[in-house]
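Engineer: Dropping the sequence and predicted coords here.
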Amino acid sequence: MNYTNFLETVNKTLEGMLTEEQQIIIRPVPKNNGILLDGLSIQTTGSHVTPVVYLNPYYEQYLDGMTIPEICQDIKDLFGQDLPPFASEESLEDFDAMKSRVMMKLIHADSNEKLLLEIPHIPCLDLAIVFYLFLDRNPAGQMTALIHNDLLERWQTTPKKLFSLARKTPPKLIQQRFKACQTS
């Protein structure tokens, strides 16, 4: 099965596993260096915040022998987990609640020209410092949200302020990750 057929089959199979209040959305999501991944989200009526699961790695697992029903059940299980309370739409809008979760990373500016039009950033040589929210980490992976210009406007803040906050954030979150690893 080619990748396009895989996407269609996953979509159709998942639709049969969901309630009437749930809708599947598959769309390309721009990632670093101009890479586009196919993100799947399950939107529930009345909710505007939903995680995104990338289907590209699932296709590799399919090619390695994982069945479509197994893949769809795995995706359904991921979406069945409760979002952390601070990942709600209300919390994301609350700058005071989110500022301790602001982190930064460097990306190549020329390879990400289109993405940089949509997100706050600070130029740095041939790179750009971009900002995201670190929301959660669990055995299934980590939940982050790239900060876009529209959220920056609603927060009424600046990239310079995000930079200042992000410089303070990593030690606390990294420390928590190491503690979690040491207890496992």
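Structural biologist: Nice, I can see it.

Engineer: now the protein, which segments are flagged as low pLDDT?
Structural biologist: 46-49, 81-90, 137-142, 170-184 (pLDDT under 70).

Engineer: all helices of it, in order?
Structural biologist: 3-15, 56-63, 68-80, 89-93, 95-98, 113-116, 149-155, 159-183 (DSSP state H).

Engineer: Same list (those) but as CSV, adding distance to residue 45 and mean neighbour count.
Structural biologist: For glycine as for every other residue, the C-beta is placed from the backbone atoms N, C-alpha and C. As requested, the helices of the chain are exported to CSV (distance: least, Cβ to Cβ, whole Å; neighbours: other Cβ atoms under 10 Å):
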stretch, distance to residue 45, mean neighbour count
helix 3-15, 15, 15
helix 56-63, 25, 15
helix 68-80, 14, 15
helix 89-93, 14, 14
helix 95-98, 25, 14
helix 113-116, 30, 14
helix 149-155, 23, 15
helix 159-183, 33, 13
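
Engineer: which non-adjacent residue is nearest residue 166?
Structural biologist: residue 104 (3.9 Å; Cβ to Cβ, 6 or more residues apart in numbering).

Engineer: Then residue 157?
Structural biologist: Counting by Cβ to Cβ, 6+ apart, the residue nearest residue 157 is residue 95, at 6.4 Å.

Engineer: thought the one you found was touching residue 161?
Structural biologist: No - using Cβ atoms under 8 Å, residue 95 is not in contact with residue 161; the gap is 9.4 Å.
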